[in-house]
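Peer 1: Give me the fold of what follows.
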Amino acid sequence: MSGSGGGASQVELIGPVAGAVMYSIAAGLVIAGPAIAVAGDSWWDGLCPGIVTFPIGIAIAVQTYEWRRNARRFRTAAVPATAEIIAVRIREGGENPDVAELKVRISGPGVDTFEADCEESAGVPYPKIGERRRAMVDPSDSTFAIGYDHLFGHE
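Peer 2: Alright, predicted model coming up:
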């Protein structure tokens, strides 16, 4: 969900181990078609699955790169802040986990207070109006991440 306050937006972050796992999955998907072609009787054996797996692998690699780039940027530039929930809407996931669509007010030292929309997995108990979450904000562009405790340095 994109932010609504002056370009503010939520970013997703993953650590180096998760990044390596995601890159491995992406590489496996990219080389699946050629690997099947080599193992099979003809190039056609690998072309059919490769048409599906190659673009998925590339998309996963690109998304992983973005997550890791944001994580590195937040490690160096982000400052601690507080996100106060001011509105909640639960989107039922059916077979997938429920998602809490939140409107939050983010404030903290060195951060101009702003409001933004964001999402988080909705575990039980569901988030409530007035609850606070720890957040990290890059003051240069008001991008923020909520709930990444490893970025706070004292965990």
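Peer 1: For the helix or strand containing E101, which strands pair with it and how are they oriented?
Peer 2: Assessed by DSSP states H and E, E101 sits inside strand 99-108. According to DSSP bridges, strand 99-108 has the following sheet partners: strand 79-91 (antiparallel), strand 111-121 (antiparallel).
Peer 1: Can you name every helix or strand that the longest helix along the chain contacts?
Peer 2: Longest helix of the chain, by residue count under DSSP state H: helix 43-77. Identification of packing neighbours for helix 43-77 by 3 or more CB pairs under 8 Å, 6 or more residues apart in numbering; DSSP states H and E yields helix 16-39, strand 132-138, strand 143-146. Using the backbone N, CA and C atoms, a C-beta is placed for each residue, glycine as well.
Peer 1: Not counting sequence-adjacent ones, nearest residue to I58?
Peer 2: Excluding the flanking residues, the one nearest I58 by CB to CB, 6 or more residues apart in numbering is V30, at 6.6 Å.
Peer 1: close enough to count as contact, the one you found and T53?
Peer 2: Yes: using CB atoms under 8 Å as the test, V30 is close enough to T53 to be in contact (7.2 Å).
Peer 1: hang on, P97 packs against Y126?
Peer 2: No: contact between P97 and Y126 fails when scored by CB under 8 Å: they sit 11.8 Å apart.
Peer 1: residues touching T64, list them.
Peer 2: I14, G19, M22, Y23, A26 (CB atoms under 8 Å, 6 or more residues apart in numbering).
Peer 1: sorry, back to before: got the buried residues for the longest helix of the chain?
Peer 2: Judged by neighbour count using 16 or more other CB atoms under 10 Å, the buried positions of helix 43-77 are 46, 49-50, 53-54, 57, 60-61, 64, 67-68, 70-71, 73-74.
Peer 1: Many thanks, have a good one.
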